[in-house]
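Q: Predicted structure and sequence below. I'll ask about it afterward.
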Amino acid sequence: MHRHPGLFLSLIIIITVLAGIFIQPSGFGIKNLPWRLGLDLVGGSHLIYQVDLVKVPTGDQESVLNGLRDVIEKRVNLFGVSEPQVFISRSSGGSELIVELAGVKKIEDAIAQIGATPLLDFREVEQNGSSTKFNYTNLTGRYIKSAALTFNQTSGKPQVSISFNDEGAGIFEKMTEANVGKPIAIFLDNNLIEAPVVQEKISGGQAVITGQFTIQTARALVERFNAGALPAPITLINQQTVSATLGADSLHKALVAGLIGALIVMIFMILYYRFLGVFAVIALLIYIFLTLGIFKLFSVTMTLAGLAGFILTIGMAVDANILIFERVKEEIKKGLSRTSAIQEGFRRAWPSIRDSNISTIITAAVLYFLTTSFVKGFAITLLIGVLASMFSAITTTRLLLKVMLKDLYTKNLSPKI
């Protein structure tokens, strides 16, 4: 880069032009890689489910909630819902499952697409005289890897064959080993389906449910198991619909605000720093196109909060240039040549830029990993934006100054800094 600054600058400009074409809403990639917009920008359905963890041991609750989120996300994806957002919200009042389905206008369709995924669990049977007690175990439908419709070789009746994942297979093997000669009850949606007697330890993670099924009910059950069996019951407690018109209006206002803010920043830089400000504006435009290209390329879901995070980084990108330019001015006042002053300005400004951006990166990482929903959208755009702004300030601006100033000096058009 130091030996061929013009080549690297040309490469950055070419990539920027391609990014500008790529980020167009109706441009390249619209079919295979369209923009991912959140519920608050395109409208859709917002569902809140209460999660019942009463029968789940405290130590297993986090695992169950994560499994529940994965199951619902898998089920929604199976039905073709575009870009679902599924996350868990925990509070003193309990745990809630939040489902945001962008583009789904009819909330009834959203509820139907999530559907009544079956709650399957295996319980040990304790018989005391004439009374029977069913004891809960930690073997539930969340350990099911796959299910298939099969037929009993003797009776010819339909049955459901299930295969557990590795963890579930280990639990099932220990359970059957501890209950040889005893029944193990299989419950579906808290209804006893059957209670077969264990003849021997069962290894391999295979089990068969032979309830009173018709072919249609068995096939429906298989489809639901393959979509994911719930590890805990959920109850719909709130439902909302965000209109597409409201989302489009919010998107328009956010884009206008971002454009006005960027223009004000650019005008300020040119008026205050004059010649250097022009380079800062060019670097800022490159930063905007490249960052938006990254958002689209990696399918970052853009929400209002995410747009706010990106707009915030525009100001932070210029802030790094301000630190550099002020350093350059100080070095020129000390008597250094323009070329030496620019090199020294970048070198001296780098520690301040590095430290301030690292603190922001840490903050964004904490927000992303320890929060949910719109805060995550803000955090991810802020994180990507900060990293891109560091590249813009240190690499792009330096290359612009090095190449353009050299060309101006060659033509005896030395600008005043």
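A: Received the coordinates, thanks.
Q: I'd like the distance from stretch 297-308 to the chain centre, please.
A: 10 Å (Cα atoms, centre = their mean, to the nearest Å).
Q: Numbering from 5 from now on, please.
A: Yes, from this point I'll number from 5; that puts the last item at stretch 301-312.
Q: longest helix anywhere in this protein?
A: helix 342-374 (DSSP state H).
Q: Show me what it is packed against.
A: Applying 3 or more Cβ pairs under 8 Å, 6 or more residues apart in numbering; DSSP states H and E, we find helix 342-374 packed against helix 308-337, helix 378-395, helix 401-414. The C-beta positions use only the backbone N, C-alpha and C, and glycine is treated the same way.
Q: TSV for the ones you listed, including distance to residue 91?
A: Shown next, in TSV, are the helices and strands packed on helix 342-374 (distance: least, Cβ to Cβ, whole Å):
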stretch	distance to residue 91
helix 308-337	14
helix 378-395	8
helix 401-414	39
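Q: Of all these, which one is nearest residue 51?
A: helix 378-395 (16.1 Å; Cβ to Cβ).
Q: elements contacting the closest one?
A: helix 279-301, helix 308-337, helix 342-374.
Q: List the buried residues in it.
A: Across helix 378-395, burial judged by 16 or more other Cβ atoms under 10 Å covers 378, 380-395.
Q: Show the contacting residues for the closest residue to residue 104 other than its chain neighbours.
A: Excluding its sequence neighbours, the residue lying closest to residue 104 (Cβ to Cβ, 6 or more residues apart in numbering) is residue 89, at 4.0 Å. Going by Cβ atoms under 8 Å, 6 or more residues apart in numbering, residue 89 touches 42-43, 102-106, 305, 377.
Q: List the ones among those residues that fall in strands.
A: Under the assignment DSSP state E, the contacts of residue 89 contribute 102-106 to strands.
Q: related to what we said a few turns ago, three-state assignment of the residue nearest to residue 104?
A: When classified by DSSP: H, G, I helix; E, B strand; the rest coil, residue 89 comes out as strand.
Q: Residue 323: neighbour count?
A: Close neighbours of residue 323, defined as other Cβ atoms under 10 Å, add up to 18.
Q: err, residue 283, not the other one
A: Counted with other Cβ under 10 Å, residue 283 comes out at 21.
Q: How about the contacts made by the residue nearest to it when sequence neighbours are not counted?
A: Excluding the flanking residues, the one nearest residue 283 by Cβ to Cβ, 6+ apart is residue 404, at 4.7 Å. Residues in contact with residue 404 (Cβ under 8 Å, 6+ apart) are 13, 283, 286-287.
Q: all strands of the stretch 155-304 of the chain, in order?
A: With DSSP state E, counting those that start in this stretch as the criterion, the stretch 155-304 of the chain has strands at 162-168, 188-192, 195-198, 210-213, 238-246.
Q: Next, format the ones you listed as a markdown table and append mean pLDDT and mean neighbour count.
A: A markdown table is the format used below for those (pLDDT from 0 to 100; neighbours: other Cβ atoms under 10 Å):
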| stretch | mean pLDDT | mean neighbour count |
| --- | --- | --- |
| strand 162-168 | 87 | 20 |
| strand 188-192 | 85 | 20 |
| strand 195-198 | 81 | 14 |
| strand 210-213 | 83 | 16 |
| strand 238-246 | 81 | 14 |
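Q: Out of those strands, which is closest to residue 70?
A: Per Cβ to Cβ, nearest to residue 70 of these: strand 238-246, 14.2 Å.
Q: Sheet partners, orientation included, of the closest one?
A: The pairing partners recorded for strand 238-246 under DSSP bridges are strand 48-55 (antiparallel).
Q: contacting residues around the closest residue to residue 371 other than its chain neighbours?
A: The spatially closest residue to residue 371, leaving aside those adjacent along the chain, is residue 383, at 3.7 Å (Cβ to Cβ, 6+ apart). Counting by Cβ under 8 Å, 6+ apart, residue 383 makes contact with 313, 368-369, 371-372, 375.
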